[in-house]
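Chemist: can you look at this prediction? I've put the sequence above it.
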Amino acid sequence: MREAVFGSQPGGSYSPGIVAEGRLLFVSGQGPRHGDSPIPNDVATQTRSALSNVARVLAEAGAGLTDVVRCGVYLRRINDFDAMDAAYRECFPEPRPARTTVGADLPGILVEIDCVAVLPQAAQ
């Protein structure tokens, strides 16, 4: 069983999130865009903004950042790791999710974040 979850506006042919098997939520990569607002120039602010978009998708499914078990972080400049990590640390309580961070050729943004969460209750 699969169910689409929204909460953000996709930039292509994908769902912002998919609930599978009633409890697993897969959130597509979220960047720092918020509608037509300008994108900030620094990776720390973009990280917080991307995680805000992740949180919106999670909320649509009845979950929050505390339900995230794994994240993938994609950085345009791998040298931005420390600044991204500091902002990321602010957003996730202990124990933080498992995470992989890789360098990527991102279009016009410095960071993109996807995740997997376990919903607190099975989707109805």
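Modeler: Now that the structure is in, tell me what you want to look at.
Chemist: so for stretch 117-124, what's the average pLDDT?
Modeler: Stretch 117-124 shows a mean pLDDT of 76 in the predicted model.
Chemist: same check, this time on stretch 74-91
Modeler: 98.
Chemist: can you mark which positions in that stretch are buried?
Modeler: 74-76, 80, 83-85, 87-88, 91 (16 or more other CB atoms under 10 Å). Bear in mind the C-beta positions are built from the backbone N, C-alpha and C, glycine included.
Chemist: what lies in contact with that stretch?
Modeler: With contact meaning CB atoms under 8 Å, 6 or more residues apart in numbering, stretch 74-91 is reached by 29, 42-45, 47-48, 51, 65, 71, 73, 96, 99, 101-106, 109-113.
Chemist: format the buried residues of stretch 74-91 as TSV; extra columns: distance to residue 6.
Modeler: Below are the buried residues of stretch 74-91 laid out as TSV (distance: CB to CB, whole Å):
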residue	distance to residue 6
74	22
75	26
76	26
80	29
83	30
84	26
85	29
87	25
88	24
91	21
